[in-house]
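**Student:** I'll drop the sequence and a predicted model, then ask my questions.
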Amino acid sequence: MGGILASRLLGFFREWAVAHQVGSNAMTDAYYAAFTLPDFLNYLVAGASLSATFIPVFAKYSAEGREDEAWHVFSTVMTFMGGLLMILILIGEIFAPQLAHLIAPGFAPAENQRLIFLTRLMLPAQFCFYQGSILSAVQYAKGRFLIPSLAPVVYNVMIVVGGISLASRYGMTGFAIGVLVGALLGNFLLQVYGAIRVDAHFRPNLNLRHPGFILFLRLSIPIMLALSLVFTDDWVIRWFGSYLQPASITWLSYGKTLMRVPLGVVGQGVGVASFPFLAQLYSEGKIDELNRLLNTTTKWLIALLVPISALTIAESSPVVYLVFSHTRLRGPDFNATATTLMLFSLGMFAWGAQNILARGFYATRNTLTPAIVGTLLAFANLPVHWFLVRRLAHNGLALASSLGIIAYTVALFVLLNRRTHNREGGAIAIFFVKVCAASAAVAYACHRLQLLLEPHFAWHAMPGAFALLLIVTCVGIVLLFIAAKLLGIREFDELIARVRGMLSRGGTDDTLPTAPGNF
């Protein structure tokens, strides 16, 4: 979680650097749209979920005491998928002009040419992302999280450095060069070092008939062929956004990036850390312990993310003024970004919860169900995007995104409880309703307090925005614990007890059981 926090903060600083150096305009829209084809290529070879498909395979052989075969499968995946990806990158480079019209059909000719150039420049980074994902997956499987968590940190640092040092001369190309360098250093070379530290064995081979490689393909193909809502959401937003006024895609990117800061720390951190344990428990046939782990992590995600999302909704305007002060953004940019942040935050808890729910399926070696559900909802949500964008422009796209991910998360929750015969699903649903009620009440009170205090603070500048946020958030935290007490939500009392325990023991939470099943 510490590594992801650093990467998310740097991810925000990356967007701040774009706003500071260039602002929000047609050039920044083309830059964000240029990620679509590279992202799709990574998704096409299951790179976006590689740890979810490879870790269960590796865990299976490790649990059976067949370590040599685990490394043999690792080498096969590295060799075959790396070669396949190089071919796909070459095809993408050749047909980039044709594909650009599909990515952003509403762009003007000048924006379209910029989109083609930036796409071609950033495509080779996908080789580093994919191979680095395999190298990270074996580190996760060995219980090593530090070096993989540094990959996005290095990646974002290089984008910021490239943008700040080169944007004045080369514009958005400076940021694109940072993407390429960051992927090479952080996502590939650093992960090679991490894999060496866990004594990884790599011998190039194309033993495509090995049962382990076949199992890997069986888990990966549903993700490769599906167009799940989780992965297509950004693409759909950019496609519709290309028809809107210039800077619309940029406002949406800024808002979603801000929403992802707390989301990444809590949702992604818990999902990544718990997944190897889930895969191990399933491999050992410990379904009851697997359910306990899923229930505990889901409840803690709700307890943390729902209040955070509620406070973000209540305080979206000063948040945006705090983080984007001293940039080229102007009043309309601030207001538009604040509104998209508020609408994206409606789905924050769902983005976090689907992380652990999908991994529950992956741990049980079922990638088909999330792929089918995600694909069906992605297509079902297209009319929602179309309807809302016609009435609310870019705000409609942010709202449609949140509605879609909430529907996907609810569907996964119901189906996973059936698959694992989890008897605590109803209790978790009741807990969710209680936390939502407490958080909504607190958010309303905080918003009213914010409006009351705004005339006394120069909150359109960074110091005033920070002071306003600090006061309102502190009051909100106190009110949240009072509301939780009134509604009988015991988990917040446990949270206070654990924080006190950690502080009294110098940072180690001895109240947390160490057995994976009681995570």
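**Tutor:** Looks like it arrived, so ask away.
**Student:** give me the low-pLDDT residue ranges for this protein?
**Tutor:** For the chain, the stretches with pLDDT under 70 are 1, 46-52, 264-273, 495-496, 498-500, 502-519.
**Student:** which helices and strands sit right next to the helix or strand encompassing Q354?
**Tutor:** Assigned by DSSP states H and E, Q354 belongs to helix 348-363. If you count contacts as 3 or more C-beta pairs under 8 Å, 6 or more residues apart in numbering; DSSP states H and E, helix 348-363 packs onto helix 50-63, helix 248-263, helix 269-283, helix 287-314, helix 368-392, helix 394-419. From N, CA and C alone the C-beta is placed, and that goes for glycine too.
**Student:** just how off-centre is it within its chain?
**Tutor:** Relative to the centre of its chain, helix 348-363 is centred 11 Å away, using C-alpha atoms, centre = their mean, to the nearest Å.
**Student:** and if you look at stretch 367-378?
**Tutor:** Stretch 367-378 has its C-alpha centroid displaced from the chain centroid by 18 Å (C-alpha atoms, centre = their mean).
**Student:** Please apply the same query to stretch 405-421.
**Tutor:** 19 Å.
**Student:** do stretch 130-145 as well
**Tutor:** 17 Å.
**Student:** Can you list the buried residues in it?
**Tutor:** Residues 130-142, 144-145 are the ones in stretch 130-145 that count as buried (16 or more other C-beta atoms under 10 Å).
**Student:** go on, stretch 59-70?
**Tutor:** 59-62, 69-70.
**Student:** Pick out whichever of those residues sits closest to T257.
**Tutor:** A59 (32.8 Å; C-beta to C-beta).
**Student:** isn't the closest one right up against P276?
**Tutor:** Yes: using C-beta atoms under 8 Å, A59 makes contact with P276 at a distance of 6.8 Å.
**Student:** what touches both of these two?
**Tutor:** Counting by C-beta atoms under 8 Å, 6 or more residues apart in numbering, the residues touching both A59 and P276 are A141.
**Student:** coming back round to it: and the buried residues of stretch 59-70, which is closest to W251?
**Tutor:** Out of those, the member with the shortest distance to W251 (by C-beta to C-beta) is A59, at 42.0 Å.
**Student:** got the contact list for the nearest residue to the closest one once chain neighbours are set aside?
**Tutor:** Leaving aside its sequence neighbours, A59 sits nearest to A279 (C-beta to C-beta, 6 or more residues apart in numbering; 4.3 Å). Residues counted as contacts of A279 (C-beta under 8 Å, 6+ apart) are 55-56, 59, 362-363.
**Student:** For these, which two are the farthest from each other?
**Tutor:** A59 and Y362 (11.0 Å).
**Student:** how deep is R490 tucked in, by neighbour count?
**Tutor:** Using other C-beta atoms under 10 Å, R490 has 10 other residues around it.
**Student:** nope, G186 is what I meant
**Tutor:** Neighbours of G186 using other C-beta under 10 Å come to 24.
**Student:** For it, which non-adjacent residue is closest in space?
**Tutor:** V154 (2.8 Å).
**Student:** Which residues are in contact with the one you found?
**Tutor:** Counting by C-beta under 8 Å, 6+ apart, V154 touches 182, 185-187, 190.
**Student:** and if you look at F457?
**Tutor:** By C-beta under 8 Å, 6+ apart, the residues touching F457 are 464-465, 467-468.
**Student:** for M78, same thing?
**Tutor:** Taking C-beta under 8 Å, 6+ apart, we find M78 in contact with 131, 134, 202, 204.
**Student:** separation between it and I91?
**Tutor:** To I91, M78 is 21 Å away according to C-beta to C-beta, to the nearest Å.
**Student:** what's the answer for A30, then?
**Tutor:** Noted for A30: a distance of 22 Å to I91, by C-beta to C-beta.
**Student:** which of these two has more neighbours?
**Tutor:** Using other C-beta under 10 Å, the more surrounded residue of A30 and I91 is A30, with 29 against 13.
**Student:** tell me which element that one falls in.
**Tutor:** Applying DSSP H and E, one finds A30 within helix 26-33.
**Student:** and the angle for that helix with helix 248-263?
**Tutor:** 50 degrees (axes from the mean of the first three to the mean of the last three C-alpha atoms, to 10 degrees).
**Student:** quick revisit: return the distance of whichever helix or strand the residue nearest to G186 is part of from the chain's centre.
**Tutor:** For V154, the element it lies in under DSSP H and E is helix 146-170. Put simply, helix 146-170 sits 18 Å off its chain's centre (C-alpha atoms, centre = their mean).
**Student:** That one: which residues count as buried?
**Tutor:** By neighbour count on 16+ other C-beta under 10 Å, the buried set for helix 146-170 is 147-163, 166-167.
**Student:** what does stretch 410-424 give?
**Tutor:** Buried residues in stretch 410-424, defined by neighbour count with 16+ other C-beta under 10 Å: 411-413, 415-417, 420, 422, 424.
**Student:** With stretch 446-456 instead?
**Tutor:** 446-447, 449-450, 453-454.
**Student:** just stretch 280-288 next, same as before
**Tutor:** 280-283.
**Student:** Pick out the most distant pair among the contacts of V154.
**Tutor:** Across those, the longest distance by C-beta to C-beta is 10.4 Å; it joins G182 and L190.
**Student:** quick one: which of these two has more around it?
**Tutor:** Neighbour count, other C-beta under 10 Å: between G182 and L190, G182 has more, with 25 against 21.
**Student:** Could you dump the contacts of V154 into CSV with secondary structure and distance to V478 added?
**Tutor:** Below are these laid out as CSV (DSSP: H, G, I helix; E, B strand; the rest coil; distance: C-beta to C-beta, whole Å):
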residue, secondary structure, distance to V478
G182, helix, 40
L185, helix, 44
G186, helix, 40
N187, helix, 41
L190, helix, 42
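**Student:** Nice, that's everything, thank you.
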